[in-house]
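**Q** How does the following fold in three dimensions:
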Amino acid sequence: MSNRGRRYDGEPKLNIKKVIAVLIILAVIIMCVILIYKFATDESSSETKTVTNSYITVFSEGKWGVINSKGETIIQPTYDDMIIIPDPTRAIFIVQSNVDLDAGTYNSKAINDKGEELFTSYQSVEALQNVDSVNAITYDTTALKVYNGEKYGLINFNGTEILSPTYDSITPLSGVRNSFVTVKDKLYGLVDNSGNVIIDNLYTEITSLTDRYEDGYVVRDQNENYGLINYNKQQVLECKYSEIKHVTGNNLYAVRENGNLELINASGDVLIGSGFDDIKSIDSNNVIFTRENKYGIMASDGTVLVEPTYDELTYTFDGNYIAKNGDNYGIIDTSNQTKVDFTYSYITYMSDENFIEADKEDSNTDLLDTSFNVKVTGIVSEINTSKGYVKVRADGEYKYYNFRLEERTAQDIFTTNTLFLSRQNGKYGYVNKEGIVVVDYIYDDATEQNDYGYVAVKQNGVWGALDQNGNVIVTPSYELTQNTVISFIGKWHLAPDLNANYYTDVNE
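**A** So this is what the prediction gives:
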């Protein structure tokens, strides 16, 4: 009898077609998983920090050169003297040779990123060096000084002559932007960085009234009398004073006439002529004055608002003044009411940032808002005006605040960064924007990613560098004990002398 209706005889057999179909489906699934993983990995690895191309001076083996912001060598370190880069975004480098410090002589020229000499129609090309409010060296980024063998002039960075070489000398007005003192036949004048003549060469001395060119310039005529000219070329005060003090506010000025110190307005009218030994500053309609070496506050009509009993007074905002009484600092108003108690070793009003920095005896600092509320306490390690944050170390951690003194995360502050400093169990590592660990917690100290995309890491007492993906670029080997700021660009680290602002591979 036959076994009808049975599919198999004996042992069961595989359905080959079904097996193949299942294997194909599995292969497709595996392939999709791999593609998804690869896509996610590629997306993650393709996230890079945008770095603006710029140029940086470097020092290696006793010679000077130039790199770019990627760490690539642009000018090999072959020059004996430091290369000056007036504008870091332009490939115009000032190099000097035959420097004789005793005689004060040297040769100076401009080269490009190929080492080719620029502006060859001039015998000499120099950067215009100045200092800012904290005495850091700065350079004008719009004009260069040129010498034709006899006289000095100005060109712009494209080589166009903006002031013909007809002057015996041209020097930046110390501490003031956009103002250059010219000398012709031993008489002083003033030009701006577009070559416009602001003051003709008629004077024996020119200084700035304040550190703002908008406040005008004090001039001394050939009769040794002082006057004031503003940046619109208008004579504000005629040359008849024996002294004009470098203070102003609300078009009020402190001058000395016939041996007497006076507060006058722009019309030359005397508002106050007595009751003080000196005028230290002018704000709104009030002045800080001294009498017998003590500071007080007086209205512009001569009314004494605060008797001279303080050791220092500095105006802040809205009629409030930082005051020193003995060894301690506080804040008062024009009614001599205490707004901040005299418990601090020093107080500074950060006018551009609009908050108060008050140092304490224990090395901590209180940050106060303009309502005099303490918002933050810790060790202030950085105030970054370009990115608008304050970095404070408190409770063993670095924290970030905006200028309203509101706490922010590193991701809020450094929006273009690819790595963010993180700390666990006393060790430092890095996470990405999603908080995923990219660099393990193995370092004793570390920095946030800098503008060039690099981070500095410390291990066993020495420093090294990682790139923006967390790869080791410099194995920790630099001691950097003299550095107040640790920063790397590839193999190069920031030199200890911040004022010089160059990178080096020297282990200091």
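**Q** Can you point out the buried residues in stretch 123-139?
**A** Neighbour-count burial for stretch 123-139, with 16 or more other C-beta atoms under 10 Å as criterion, is recorded at Ser124, Val125, Glu126, Ala127, Leu128, Asn130, Tyr139. For the C-beta atoms, the positions are set from N, CA and C on the backbone; glycine is no exception.
**Q** Measure how far that stretch is from the centre of its chain, please.
**A** Averaged C-alpha coordinates place stretch 123-139 at 15 Å from its chain's average position (C-alpha atoms, centre = their mean, to the nearest Å).
**Q** re the thing from before, what is the nearest of the buried residues of stretch 123-139 to Tyr478?
**A** Closest approach to Tyr478 among these (C-beta to C-beta): Tyr139, at 28.1 Å.
**Q** The closest residue to the closest one other than its chain neighbours: what secondary structure?
**A** Computed as C-beta to C-beta, 6 or more residues apart in numbering, the closest residue to Tyr139 that is not its neighbour in sequence is Pro86, at 4.0 Å. Judged by DSSP: H, G, I helix; E, B strand; the rest coil, the three-state class of Pro86 is coil.
**Q** Number the residues from 22 up from this point.
**A** Got it, first residue is 22 now, which makes that one Pro107.
**Q** Give the full set of residues in contact with Pro107.
**A** Counting by C-beta atoms under 8 Å, 6 or more residues apart in numbering, Pro107 makes contact with Ile113, Ile115, Ala148, Leu149, Tyr160, Asp161, Thr162, Leu165, Phe178.
**Q** What of Ser366?
**A** Per C-beta under 8 Å, 6+ apart, neighbours of Ser366: Asp348, Asn349, Tyr350, Asp380, Lys381, Glu382.
**Q** residues contacting the second one?
**A** I take that to be Asn349. Asn349 is in contact with Phe363, Thr364, Tyr365, Ser366, counting by C-beta under 8 Å, 6+ apart.
**Q** Where does the first one fall, secondary structure wise?
**A** Using DSSP states H and E, Phe363 maps to strand 359-365.
**Q** which other residues reach that strand?
**A** Contacting residues not belonging to strand 359-365 are listed as 341, 344, 346-347, 349-354, 368, 377, 379-381, 387, 389, 393 [C-beta under 8 Å, 6+ apart].
**Q** Quick check: neighbours of it in the sheet, parallel or antiparallel?
**A** Strands adjacent to strand 359-365 in the sheet, as given by DSSP bridges, are strand 349-354 (antiparallel).
**Q** rewinding a little: give me the buried positions along the strand holding Phe363.
**A** Within strand 359-365, the residues scored as buried using 16+ other C-beta under 10 Å are Lys360, Val361, Phe363, Tyr365.
**Q** and the angle for the very next helix or strand once past that strand with strand 349-354?
**A** Per DSSP H and E, the first helix or strand lying C-terminal to strand 359-365 is strand 367-371. Angle, strand 367-371 to strand 349-354, by axes from the mean of the first three to the mean of the last three C-alpha atoms, to 10 degrees: 40 degrees.
**Q** Could you list the residues in contact with strand 367-371?
**A** Taking C-beta under 8 Å, 6+ apart as the criterion, the residues outside strand 367-371 that touch it are 335, 337-338, 343, 350-352, 361, 377-380, 404.
**Q** Same question for stretch 489-500.
**A** Counting by C-beta under 8 Å, 6+ apart, the neighbours of stretch 489-500 from elsewhere in the structure are 66, 69-70, 439-440, 451, 459-460, 470, 474-475, 478-488, 509, 511-512, 514, 528-529.
**Q** what's the answer for stretch 172-182, then?
**A** Among residues not part of stretch 172-182, those counted as contacts by C-beta under 8 Å, 6+ apart are 107-108, 111, 113, 139-140, 143, 146, 162-167, 183-191, 201, 212, 214, 216.
**Q** Can you turn the buried part of those residues into a PyMOL selection?
**A** To isolate the buried ones among the contacts of stretch 172-182 in PyMOL, judged by 16+ other C-beta under 10 Å, type:
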select buried, resi 107+108+113+139+140+143+146+164+165+166+167+183+184+186+188+191+201+212+214+216
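**Q** Now the buried members of the contacts of strand 367-371.
**A** Applying 16+ other C-beta under 10 Å to the contacts of strand 367-371, the neighbour count classes Thr335, Thr337, Ile343, Tyr350, Gly351, Ile352, Val361, Ile377, Glu378, Ala379, Asp380, Ile404 as buried.
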